[in-house]
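Asker: could you look at this predicted model? Sequence included:
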Amino acid sequence: MTPPAVTVAASEEQEIKHQLGGHYDEVVDRARQAAQDEKRDLSVVAAFRTHWKAALFSMGLSFALVMEGYDVVVINSFYGQATFKDTFGTAIVDGQKVITAPWQTGLSNSALVGEVAGLFLNGWLSDKIGYRRTYMGAMLVMAITIFAPVFAKTLPQLSVGEILMGVPWGIFQTLTTAYAAEICPVMLRPYLTSFVCFCWGLGIFLSSIVVRACLHIEGQWSWRLPFVLQWVWPLPLLVVAYFAPESPWFLVRKERVDEAAKALEFLKPRNATVDHVDNQIEFIRHTEALEKAEQKGSSYLECFRGSARRRTEIVCVAYALQWWCGNPLMSFAVTFFESAGLDATAAFDLNIVMNTTYMIGTVSSWFLTKRFGRRGMYIVGAALCCAHCLVLGILGCFRGTNVSWATGALLISFALFYNFTIGPICYCIVSEIPSARLRAKSISLARLAYVLTGLITNTLTPRMLSPDAWNWGSKAGFLYLGTCTLILIWCVFRLPETKGRTTADLDELFAHGVAARHFASTDVDLYLTAGRETLQAESPSVEDKKSAGLESPPVVLLTRDA
């Protein structure tokens, strides 16, 4: 038996043909050739060598995230710095000054509040004026807002400065991921979208070194100097953005096909065929036509209609999971180490070691993802995070120097496995799952879910670790064990595999409601003949499988005839 055929309405067929014009068969044939080229299986090194221009500019723009990662650790590390505590702290019962849990929450969440505005601005601006102009404008704003924390004299002023800087960070976080997904072929997507995580980790690593170097500087410059160093980035990144090509997908959406052709000509790999640019243009036009037939608009509201609703759920939950797997324990590493019993110097030294895992893990994930895919890496990552949270919670029930060092070592191991899996793979998932027309807005919504979740965890975690609040120490791992277990269950049932899929392939899989666990085993061919007609199976039906005692899904061939 085979599942019943699914017939697409003739009106939708006619709409697609109307959008693509009179040379429909030629457009589809060129789109097919481009799709085959997109899916070529190259090694990591070969993929970078072949498409080095796209890789260079994508990576260049992603370096904006170094500033955000830098500030996240800078501001959280100050809670354990003596000079900062003497300047802004509140004396507790024994006369020791601390940054109280409410102010830790306020300062840690300030940038996230600013990011909310940046997220919505990017979703609107990048769709109106393009990625390059939005990026350059945000970088100019970034250079100006750095003045606020550098010259802050009170905690409220410092909080306002964090909010202002958060606005361009919100733009960079989503823009760079969407840009990487649109100028790079399928073979490079997992590397250059996850490179955002590498840059974020590089910022964290650099900030931990700077804070450690400033630890024994006397006076206010021990905490002002790290803020001053952020002015190193805006000018060179503005230059990179000025020379970067605009996204061909954006240009085609705006019917600026000649400009899109020039951008593709610039990005063309050295061994490209003569008709490479024309094929890519038609591939984009064909994908846009397929999406327009299902999605009548490209507003934020469209992200919650039809099959886009499921895609929005996946990207939002996948992004928010970065917090619930126990990541906040790494964000507050210095405070966490000190609450575990380590002195300030040892805490900052371990923090530097831990922060190298962001870069090591991201690069290593490139090779692992090629073999195991996105879904497999996420499930394994969630399982490993559960195990680490459990052991951390158990260690929190004991005291002693050896327990403190064991806690520090375990947290470094936690960071390493997180950055092999959930950390970098998240950026790949949130860039691949959305449709091309809704990509910028979907990623903005996903990042909003991340920010709102961060507001919650950044409120809970300081209280769990701070001696003037709950003072749980390592036992905070038990709370994240519970949330991480829920993550693991969600991944198994809701997270699809996107490895090797073009945007058009994913559009069709979601349009037919294919279950997440069947994505990897479903064959899709959008370019067979003329007329988009059937959904048919080439293996026994689900009912036949069940009756035979087999659990593997049927292999389905989705055809979108031209």
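Answerer: Thanks, I have it. Numbering: from 1, shown residues only.
Asker: from here on, contacts and neighbour counts on C-alpha atoms
Answerer: Fine.
Asker: biggest helix in this structure, by residue count?
Answerer: Once the chain is assigned using DSSP state H, the helix that runs over the most residues is helix 357-395.
Asker: what's the average pLDDT for that helix?
Answerer: Taken as a whole, helix 357-395 carries a mean pLDDT of 91.
Asker: which stretch of helix or strand covers the spatially most central residue of the chain?
Answerer: What sits nearest the mean C-alpha location of the chain, by C-alpha atoms, centre = their mean, is residue 427, with 2.7 Å. For residue 427, the enclosing helix or strand under DSSP states H and E is helix 422-432.
Asker: where does pLDDT dip in this protein?
Answerer: For the chain, the stretches flagged by pLDDT under 70 are 1-19, 21-22, 24, 73, 80, 93-95, 295-297, 331-342, 527-562.
Asker: run through who's touching the helix holding residue 427.
Answerer: 177-178, 181, 189-191, 193-198, 314-316, 318-319, 322, 361-362, 365, 374, 377-378, 381-382, 439, 443, 446, 498, 503 (C-alpha atoms under 8 Å, 6 or more residues apart in numbering).
Asker: next, the buried residues of that helix.
Answerer: Neighbour-count burial for helix 422-432 flags 422, 423, 424, 425, 426, 427, 428, 429, 430, 431, 432 (criterion: 16 or more other C-alpha atoms under 10 Å).
Asker: gap between that helix and the chain center?
Answerer: Helix 422-432 sits 5 Å away from the centroid of its parent chain (C-alpha atoms, centre = their mean, to the nearest Å).
Asker: point out the other helices and strands that the very next helix or strand once past it packs with.
Answerer: Scanning the chain past helix 422-432 towards its C-terminal end, the next helix or strand to appear is helix 439-465 (assignment: DSSP H and E). With contacts defined as 3 or more C-alpha pairs under 8 Å, 6 or more residues apart in numbering; DSSP states H and E, the secondary structure elements packing on helix 439-465 are helix 101-129, helix 155-183, helix 306-324, helix 327-331, helix 333-339, helix 422-432, helix 476-494.
Asker: could you give the angle of helix 439-465 to helix 155-183?
Answerer: In terms of direction (axes from the mean of the first three to the mean of the last three C-alpha atoms, to 10 degrees), helix 439-465 departs from helix 155-183 by 140 degrees.
Asker: tell me how far helix 439-465 is from the chain's mean position?
Answerer: On C-alpha atoms, centre = their mean, the centre of helix 439-465 falls 12 Å from the chain's centre.
Asker: can you pull the buried residues of it?
Answerer: By neighbour count with 16+ other C-alpha under 10 Å, helix 439-465 contains the buried residues 439-455, 457-465.
Asker: now stretch 408-416
Answerer: Of the residues in stretch 408-416, those with enough neighbours to count as buried (16+ other C-alpha under 10 Å) are 408, 410, 411, 412, 413, 414, 415, 416.
Asker: same thing with stretch 248-258?
Answerer: Residues of stretch 248-258 classed as buried by neighbour count (16+ other C-alpha under 10 Å): 248, 249, 250, 251, 252, 253, 257.
Asker: just the ones of those residues in strands?
Answerer: Using DSSP state E, no member of these falls in strands.
Asker: quick one: the buried residues of stretch 408-416 as JSON lines, columns for secondary structure and distance to residue 357 too.
Answerer: Formatted as JSON lines, the entries for those read as follows, by DSSP: H, G, I helix; E, B strand; the rest coil; distance: C-alpha to C-alpha, whole Å:
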{"residue": "408", "secondary structure": "helix", "distance to residue 357": "14"}
{"residue": "410", "secondary structure": "helix", "distance to residue 357": "13"}
{"residue": "411", "secondary structure": "helix", "distance to residue 357": "11"}
{"residue": "412", "secondary structure": "helix", "distance to residue 357": "8"}
{"residue": "413", "secondary structure": "helix", "distance to residue 357": "9"}
{"residue": "414", "secondary structure": "helix", "distance to residue 357": "10"}
{"residue": "415", "secondary structure": "helix", "distance to residue 357": "6"}
{"residue": "416", "secondary structure": "helix", "distance to residue 357": "5"}
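Asker: from the residues you listed, which is closest to residue 166?
Answerer: The nearest member of those to residue 166, counting by C-alpha to C-alpha, is residue 415 at 24.4 Å.
Asker: the closest one reaches residue 328, doesn't it?
Answerer: No. Counting by C-alpha atoms under 8 Å, residue 415 sits too far from residue 328 to count as a contact (10.7 Å).
Asker: in the longest helix of the chain, what counts as buried?
Answerer: Within helix 357-395, the residues that qualify as buried by neighbour count (16+ other C-alpha under 10 Å) are 357-359, 361-363, 365-366, 368-370, 373-386, 388-393, 395.
Asker: next one: that helix to chain centre, how far?
Answerer: In terms of C-alpha atoms, centre = their mean, the centre of helix 357-395 is found 15 Å from the chain centre.
Asker: and if you look at stretch 504-512?
Answerer: Stretch 504-512 has its C-alpha centroid displaced from the chain centroid by 21 Å (C-alpha atoms, centre = their mean).
Asker: dump that stretch to CSV, restricted to CA.
Answerer: These are the backbone C-alpha positions of stretch 504-512, laid out as CSV (Å, rounded to 0.1, in the frame of the first residue of the first chain):
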residue,chain,number,x,y,z
ALA,A,504,13.2,24.9,-1.7
ASP,A,505,13.6,21.3,-0.4
LEU,A,506,12.7,22.4,3.1
ASP,A,507,9.8,24.5,1.8
GLU,A,508,8.3,21.3,0.3
LEU,A,509,8.9,19.1,3.4
PHE,A,510,7.2,21.6,5.6
ALA,A,511,4.4,22.2,3.2
HIS,A,512,3.6,18.5,3.2
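Asker: how about that stretch, which residues are buried there?
Answerer: By neighbour count, with 16+ other C-alpha under 10 Å as the criterion, the buried positions of stretch 504-512 are 504, 505, 506, 507, 508, 509, 510.
Asker: okay if I get these as CSV plus secondary structure and distance to residue 224?
Answerer: Compiled in CSV, the buried residues of stretch 504-512 are given as follows (three-state DSSP; distance: C-alpha to C-alpha, whole Å):
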residue, secondary structure, distance to residue 224
504, helix, 49
505, helix, 50
506, helix, 48
507, helix, 49
508, helix, 52
509, helix, 51
510, helix, 50
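Asker: closest one of those residues to residue 87?
Answerer: Proximity of those to residue 87 (C-alpha to C-alpha) peaks at residue 506, which lies at 53.7 Å.
Asker: hmm, that closest one is touching residue 498, no?
Answerer: Yes. Taking contact to mean C-alpha under 8 Å, the distance of 7.5 Å between residue 506 and residue 498 places them in contact.
Asker: what touches both of the two?
Answerer: Both residue 506 and residue 498 are contacted by residue 433, under the criterion C-alpha under 8 Å, 6+ apart.
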